[in-house]
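In: fold the stuff below for me.
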Amino acid sequence: MKFRDVLALIVLISVAIGGKVYRDGIDNPPTERRPDPRLFEPRVARAPDLRVPKPRDEGPVLPRESPNDPALMVKSETKRNSATGTAFSINRDGIWFSARHVTNGCDVVGLEKSGGRLVRVLRVSEYPRADISILWTRGGSPAMPVVDPTLRVGQPGYSFGYPKGDPGDVYAKIIGRNRMLARGRYNTDEPVIAWTQLRRVPDIGSDLSGISGGPWVNTAGEVIGIHVAGAPRRGRSYSTAPRTMQEAIGRSGVRPEADSGDLPSSAALTPRQFQTYGQQLRRQLTVAKVICLVGERWRRR
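Out: Numbering: from 1, shown residues only. The predicted model follows:
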């Protein structure tokens, strides 16, 4: 066979092969295979999860109270005239919560209204086992809800009152449990909740004396404790344990009744806006300044 005949045969074979590739690649594209249905799980309708998730920054539930909880010592010193503290309304009929060390040793206790006028407290009941006082006045103010909650490490809370006699508010988070040992005018040993302060308004100094007796509330505006002590250098605050607060209510026979429609919206209970909530509570006298009067002239009245 001549060379040109061999070359022509090679060309014909090449054209035939190229045409097959062309037809298979374009004219007749390969049929797509369906994926194996066993690779996919069937969709199953699930009921919606109606549980309210806890905030991501909250930790475990606080452990139970223990005699081995870290101890905090506080001293009840002799009362001076016109010492101040805080109280908050728990019933519009004129029933208030405060701290025992705020009212103990006073000859007359008053709640300050606008213009510096005082409403005299007619009766004071001091809970003997904790730093809690219940006050009665003639007439009252919109009341706050009091609850017995499950508390968590890292749970945020807010406190409102009159530190150093002036309006002030605190944003903090729960860090654990302590035992508070009061010594001086009276002696008690009670469980308390420890908070680390994250923001104070106004942020002037670290001493919050005078806010004692004010409410600690959760993000729903519910009272979960009473502000009873602080450790200024460590930026700590302490509140009564919810169980102790409930015991004091039961012993006194009072019935907390919240005026939820008259309270400010809990939407303001955020780390940036909580002071507006406190301003409203003080404006409507739900949170009031306590004035302690001491002296012979007050004893005669």
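In: the stretch 151-300 of the chain: strands as residue ranges?
Out: The residue ranges that make up the strands of the stretch 151-300 of the chain, judged by DSSP state E, counting those that start in this stretch, are 156-161, 168-184, 188-201, 215-217, 223-231, 236-240, 287-293.
In: same question for the longest one: list its buried residues.
Out: When burial is assessed from 16 or more other C-beta atoms under 10 Å, strand 168-184 yields the following buried residues: 168-175, 177-180, 182. For glycine as for every other residue, the C-beta is placed from the backbone atoms N, C-alpha and C.
In: keeping just the C-alphas, turn stretch 229-242 into CSV.
Out: What follows is the C-alpha trace of stretch 229-242 in CSV, where atoms were taken according to Å, rounded to 0.1, in the frame of the first residue of the first chain:
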residue,chain,number,x,y,z
ALA,A,229,-25.4,45.0,101.6
GLY,A,230,-22.4,45.9,99.4
ALA,A,231,-18.6,45.5,99.2
PRO,A,232,-17.6,48.7,97.5
ARG,A,233,-13.9,47.8,96.8
ARG,A,234,-14.9,44.6,95.1
GLY,A,235,-17.9,46.0,93.2
ARG,A,236,-20.2,43.6,94.9
SER,A,237,-23.8,43.8,96.1
TYR,A,238,-25.9,41.4,98.1
SER,A,239,-29.7,40.7,98.1
THR,A,240,-31.9,38.6,100.3
ALA,A,241,-32.5,35.1,99.2
PRO,A,242,-36.0,34.7,97.5
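In: what mean pLDDT does that stretch have?
Out: Throughout stretch 229-242, pLDDT has a mean value of 93.
In: then stretch 195-207?
Out: For stretch 195-207, mean pLDDT is 87.
In: cool, stretch 162-178 as well?
Out: The predicted model assigns stretch 162-178 a mean pLDDT of 96.
In: neighbouring contacts of stretch 159-172?
Out: Residues outside stretch 159-172 that contact it (C-beta atoms under 8 Å, 6 or more residues apart in numbering): 84-86, 88, 156-158, 195-202, 207-217, 227, 237, 239, 271, 274-275, 277-279, 281-282, 287, 289.
In: coming back round to it: for the strands of the stretch 151-300 of the chain, which one sits closest to S141?
Out: If you check each of those against S141 by C-beta to C-beta, strand 287-293 wins as the nearest, at 7.3 Å.
In: run through who's touching that closest one.
Out: Applying C-beta under 8 Å, 6+ apart, the set of residues contacting strand 287-293 from outside is 79, 81-89, 96, 98, 102-103, 105-113, 118, 141, 160-162, 165, 213-215, 278, 281-282.
In: ok, and what's touching stretch 100-120?
Out: Counting by C-beta under 8 Å, 6+ apart, stretch 100-120 makes contact with 74, 76, 78-79, 83, 85-87, 96, 121, 124, 126-127, 130-133, 135, 137-139, 182, 185-186, 212-213, 228, 285, 288-295, 298-299, 301, all of which sit outside it.
In: make a ChimeraX selection of the buried ones in these.
Out: What follows is the ChimeraX syntax selecting those of these that are buried according to 16+ other C-beta under 10 Å:
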select :74,76,79,83,85,86,87,96,121,124,126,127,130,131,132,133,135,137,182,212,213,228,285,288,289,290,291,292,293,294
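In: which residues in the protein form helices?
Out: If DSSP state H is used as the criterion, the helices of the chain fall at 3-22, 100-103, 242-252, 274-283, 296-299.
In: over to the nearest residue to R80 once chain neighbours are set aside: give its phi and psi.
Out: If you skip the residues right next to it in sequence, R80 has V294 as its closest partner in space, 6.7 Å away by C-beta to C-beta, 6 or more residues apart in numbering. Dihedral angles of V294 (phi, psi; degrees, to the nearest 10) stand at phi -130, psi 140.
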